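Colleague: A structural model of the following input is requested.
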Amino acid sequence: MAALDVTAGRRLDAFWRTHAFWPLGLLGLALVLIEAFGLDEPIAHALWFNVAAQQWLGAGAGDWWARQLIHTGGAWLVRVIAAAALLAWLVSFVLPAARPWRRSAGFVVLAMAASVLVVGALKTVTNVDCPWDIAGFGGTHPYVVLFADRPDYLPRARCFPGAHASSGFALVAFYFVLRHRWRRLARLALWAACTVGVVFSIGQEARGAHFISHDLTSAALVWVIQLRLYVRVLGLRAVPARVPPRGRDDGSGSTLRRSLFLGPAEEPDDRAHHDHADADAVADARAPVVDPAHQREFHVDEVHNERTGAEQHQESTKTLHVSPLVD
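Modeller: Numbering: from 1, shown residues only. Take a look at the predicted model:
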C-alpha cells in the first residue's frame, strides 16, 4: 500500500506540474515581461502596422484573410463544433448507443461555453482600448497601461482580453476529454486547439483589434477555467485517487448531475484506479474483518483455548518430573 501511495503521489505531482505550474508559469512570465518592458506597441509596430501607410496588415487588401476568413469564418467554425457537441449530448438521452459519450460531450459544451462567457464578461469591465483606437496606430486615444487610471473623457472600451482568441483556445476541451482514453490523440487535439487559438490571435492582432498581451491573457484564462472544470467534473480522470467506499460520493458530483448531465461513467484508461482497488482487496485478504456480533464470542473462545493449552503443558511437565520417583 505504501508503494502504491508513493506512486499515486508522484503521478499527482506530475499532473499539476505539467498542467498548472509550467503552462501558467510561462504564460504569466510572458505577460509580466510584456507589461514591464512595454512590448505591446513595439511588437504591433514590427509585425502588424505599416507606419508609412498608416494601415494595419489585416485591413484593406488583407481584410479577406484577417476579417472574413479568420474572424468571421473562424467564429462559425467554433460555433459548428460547439453545436455538434451539444447535439451529441442531447442525442445521448435518446439513443442508448450514444450514452457512453454523454459525459465527454457535456464537458465540451460546458468548458467551451464557460471559457467564452468568462472572457466576454471580463471585456465589459476591464475598460481597455483596442490598438486601432490608440494614437500611433490610426486612432486618437492615448495609450493607457493596463490597470492604470484611465482619463474620464475617454469612452468606454471593451478590448481586453481577446474574445475571439478565447473561442479558439476553448477547443482544448477536446484534449481534456481524450487524455484518459487516448493520450496520443489528446496531444494532437491540444496542438490543434493551440494552433487555432494562435491563428485567431494573429488575425485579430493583424486587424488592430488586440495586442499580443490581450490574447496571451485569454489563453491563460481559458486554460485555468478548463483545468478547473476538468478536475471538478471529470475528477477521477484528472489525478490518481482511491476508489471511494460504497455509498460515498466519488467526487464527480451529485447523483442528479451524474445521471442527467454527465451520464454513465466511462471506463478510465488509468491503471492507478485499478491498482488501488487491487491493493484494497489484498489488504482485506490479509486482515479479515470479524463480525461485531460475534466479536465477544470469538475473543472468549481464543482465551479459553489459550488457558486449555497452558494447563495441558503444566500436566505434561508434572508427569515428566514425577515419573522417575515412581520407578
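Colleague: and residue 34, what does it touch?
Modeller: Neighbouring residues of residue 34 by CB atoms under 8 Å, 6 or more residues apart in numbering: 40, 43, 212, 213, 216. To be clear about C-beta, it is placed using only N, CA and C from the backbone, and glycine gets the same treatment.
Colleague: Show the pLDDT at residue 27.
Modeller: Per-residue pLDDT puts residue 27 at 97.
Colleague: Use 19 as the first number for this chain going forward.
Modeller: With the count now opening at 19, the last piece we talked about shows up as residue 45.
Colleague: picking that back up, farthest pair in the contacts of residue 52?
Modeller: Using CB to CB, these reach their maximum pairwise distance at 61 and 234, which is 11.1 Å.
Colleague: So which of those two has more stuff around it?
Modeller: residue 234 (21 against 15; other CB atoms under 10 Å).
Colleague: what's the pLDDT at that one?
Modeller: Here, the pLDDT recorded for residue 234 equals 98.
Colleague: Quick check: it touching residue 47?
Modeller: No - in this structure residue 234 lies outside contact range of residue 47 using CB atoms under 8 Å: 10.4 Å.
Colleague: picking up where we left off before, pipe the contacts of residue 52 into a markdown table and attach secondary structure and distance to residue 68 per row.
Modeller: Output for the contacts of residue 52, formatted as a markdown table (DSSP: H, G, I helix; E, B strand; the rest coil; distance: CB to CB, whole Å):
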| residue | secondary structure | distance to residue 68 |
| --- | --- | --- |
| 58 | helix | 17 |
| 61 | helix | 14 |
| 230 | helix | 18 |
| 231 | helix | 21 |
| 234 | helix | 24 |
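Colleague: Turn those into CSV, columns for distance to residue 33.
Modeller: Formatted as CSV, these follow (distance: CB to CB, whole Å):
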residue, distance to residue 33
58, 33
61, 33
230, 29
231, 28
234, 23
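Colleague: out of those residues, who's nearest residue 188?
Modeller: For the contacts of residue 52, the nearest to residue 188 is residue 234 (15.2 Å; CB to CB).
Colleague: Output the below-cut-off pLDDT ranges for the stretch 169-318 of the chain.
Modeller: Applying pLDDT under 70 to the stretch 169-318 of the chain flags the ranges 254-318.
Colleague: mind listing the helices for it?
Modeller: With helices called from DSSP state H, counting those that start in this stretch, the stretch 169-318 of the chain shows them at 181-187, 191-196, 201-225, 230-251, 253-256, 273-274, 289-304, 313-344.
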